[in-house]
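**Student:** got a predicted structure here, sequence first:
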Amino acid sequence: MKMIYVYDLKDQRLLQQIDTAPNRKGLCEISPSGRMVLVCLGWGTGEVRVEVLEHYGIRMSWLIKAHVSDVACVALLNDGRLLATASTKGTLVRGVQDIARKAASGGIVLPNNRSPEWLVVRFRVPKDIQHIVAFGHQKNTVHVIGTNGRFYICKFDLKAGGEMTQMECHNFLRSDFAGQSSNLST
């Protein structure tokens, strides 16, 4: 997949076609409430594209160099104000502070990888393990789930930035009953 198609659901009219890098996983996220924000892969490795949509098409658009390696996951807060991404190598969760405010300032923004506009908060997990990321239901929390069975809940502080605080970590592939005898007879 190299294209995202945006349709008006009322009349199925095509509003916009968005070019992306090859996107076999179909990575795309849309905010379900508030300002309509769409996030998908950009054109280059590690790049994401943020679109703020209006009823008649795209209002604002910008590209963010999120990671050095390929983007593996994107997640938006329900109202589209915050974005988290994860890379394919040594997952690093990053956040954009207030997408709506940045979009209101207008234009295309192409910050580099170390831009303070982009690198707000981060959480590092083991290399070579795939992870997905989503915002939690508690304010300023992120859930990170790995293919190794690890589930992290992290809290972030947008004002202070930097490393997220790990609140919880569970391993759902580990048996809590390993080495214990069973009371069940066969």
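**Tutor:** Received the coordinates, thanks. Numbering: from 1, shown residues only.

**Student:** the lowest-mean-pLDDT helix or strand in the chain: what's the following helix or strand?
**Tutor:** Taking mean pLDDT, DSSP states H and E as the measure, the chain has helix 99-104 as its least confident helix or strand, at a mean of 51. Using DSSP states H and E, the helix or strand that follows helix 99-104 in sequence is strand 121-122.

**Student:** sheet partners, orientation included, of that following strand?
**Tutor:** Using DSSP bridges, the strands paired with strand 121-122 in its sheet are strand 162-163 (parallel).

**Student:** and residue 139, how many neighbours?
**Tutor:** 8 (other Cβ atoms under 10 Å). Yep, even glycine has a C-beta here, placed from its N, CA and C like the rest.

**Student:** which helix or strand contains it?
**Tutor:** Using DSSP H and E, residue 139 falls outside every helix and strand.

**Student:** list the residues that contact it.
**Tutor:** Residues near residue 139 by Cβ atoms under 8 Å, 6 or more residues apart in numbering: none.

**Student:** pLDDT score for it?
**Tutor:** On the pLDDT scale, residue 139 is placed at 88.

**Student:** that one and residue 76, how far apart?
**Tutor:** Residue 139 sits 15 Å away from residue 76, going by Cβ to Cβ, to the nearest Å.

**Student:** cool, and residue 128?
**Tutor:** When distance is defined by Cβ to Cβ, residue 128 is 26 Å away from residue 76.

**Student:** ok, these two, which is more surrounded?
**Tutor:** Ranked by neighbour count (other Cβ under 10 Å), residue 128 and residue 76 place residue 76 first, with 23 against 10.

**Student:** looking at strand pairing, list the partners for the more buried one.
**Tutor:** Going by DSSP bridges, residue 76 forms beta bridges with residue 83.

**Student:** can you check residue 13 too?
**Tutor:** residue 8.

**Student:** tell me where the model's unsure across the chain.
**Tutor:** In the prediction, the chain carries residues with pLDDT under 70 at positions 1, 34, 54-58, 90-120, 175-186.

**Student:** wait, residue 53 sits on residue 39?
**Tutor:** No. Residue 53 lies out of contact with residue 39 (Cβ atoms under 8 Å); the separation is 11.1 Å.

**Student:** more neighbours: the two, which one.
**Tutor:** Taking other Cβ under 10 Å, residue 53 and residue 39 do not tie; residue 39 has more neighbours (27 against 20).

**Student:** where does residue 130 fall, phi/psi-wise?
**Tutor:** Main-chain dihedrals, residue 130, degrees, to the nearest 10: phi -80, psi 140.
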